[in-house]
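Trainee: the following comprises the amino acid sequence and a computationally predicted model.
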Amino acid sequence: MKILGIDPGFERLGVAVLEKNKGDKKEKVLFSECFKTSAKLDFNERLLLIGEEVDRVIKKFKPEVLSIETLFLTTNQKTVMHVAEARGVVVYETTRAGLKIFEASPPQIKTATTGYGKASKEQIIKMVKILVDIDNSKKSDDELDAIAIALTAFACLR
């Protein structure tokens, strides 16, 4: 099974595709990136770029499931609205491509990766690096979050 993990954002979008086949001991990262959009662009152009990138990844890797983080409330309403809109573009593109949608809350992701629902960002990053083989030198927090989100779907969909 292939799972597309997305850490939603409009400036930085964490994207990862993981695969696990019968007999595999652990999930394999096929692709991960931190997709960035420029603040110099109009917001609608940034959303278009996000949609195009998600579509490109889906066509290249053919995942069956989207695993995406649910939104959490923040004091900055403008930011949360923009993230919600970017998240909507991702859900639209993946639904259009026929992917099943799995949503996970931050505590679910923390529990699935570390065993503790209130784990720190550092604990999650450390466990992701243990759970999958990745090049430690080039992974951003957004990429690692996307990997953790995909790992959560694997843990919950078994």
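Mentor: All right, it came through fine. Quick caveat: nothing in here was measured; it's all calculated off a predicted structure. Numbering: from 1, shown residues only.
Trainee: from now on I want contacts and neighbour counts done on CA atoms only, so please keep to that.
Mentor: Will do.
Trainee: low-scoring stretches of the chain, by residue?
Mentor: For the chain, applying pLDDT under 70 flags the ranges 72-76, 137-138.
Trainee: tell me where it has helices.
Mentor: With DSSP state H as the criterion, the chain has helices at 43-61, 77-96, 106-114, 121-131, 141-156.
Trainee: nearest to Glu33, of these?
Mentor: Glu33 sits nearest to helix 141-156 of all those, at 5.4 Å, using Cα to Cα.
Trainee: other SSEs contacting the closest one?
Mentor: Helix 141-156 makes packing contacts with strand 2-7, strand 12-19, strand 28-36, strand 65-69, strand 100-104, helix 106-114, helix 121-131 when contacts are defined by 3 or more Cα pairs under 8 Å, 6 or more residues apart in numbering; DSSP states H and E.
Trainee: between that helix and helix 121-131, what angle do the directions make?
Mentor: Interaxial angle, helix 141-156 versus helix 121-131 (axes from the mean of the first three to the mean of the last three Cα atoms, to 10 degrees): 60 degrees.
Trainee: wait, which of the helices and strands packed on helix 141-156 is closest to His82?
Mentor: strand 12-19 (11.8 Å).
Trainee: so how far is the closest one off the chain centroid?
Mentor: Centroid separation for strand 12-19 versus its chain: 5 Å, with Cα atoms, centre = their mean, to the nearest Å.
Trainee: hmm, who's touching that strand?
Mentor: 1-8, 27-37, 50, 61, 63, 142-147, 150-151 (Cα atoms under 8 Å, 6 or more residues apart in numbering).
Trainee: would JSON lines of the helices of the chain with distance to Arg12 be doable?
Mentor: Formatted as JSON lines, those follow (distance: least, Cα to Cα, whole Å):
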{"stretch": "helix 43-61", "distance to Arg12": "9"}
{"stretch": "helix 77-96", "distance to Arg12": "10"}
{"stretch": "helix 106-114", "distance to Arg12": "18"}
{"stretch": "helix 121-131", "distance to Arg12": "17"}
{"stretch": "helix 141-156", "distance to Arg12": "7"}
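Trainee: what sits against Leu41?
Mentor: Taking Cα under 8 Å, 6+ apart, we find Leu41 in contact with no residue.
Trainee: gap between it and Lys26?
Mentor: When distance is defined by Cα to Cα, to the nearest Å, Leu41 is 40 Å away from Lys26.
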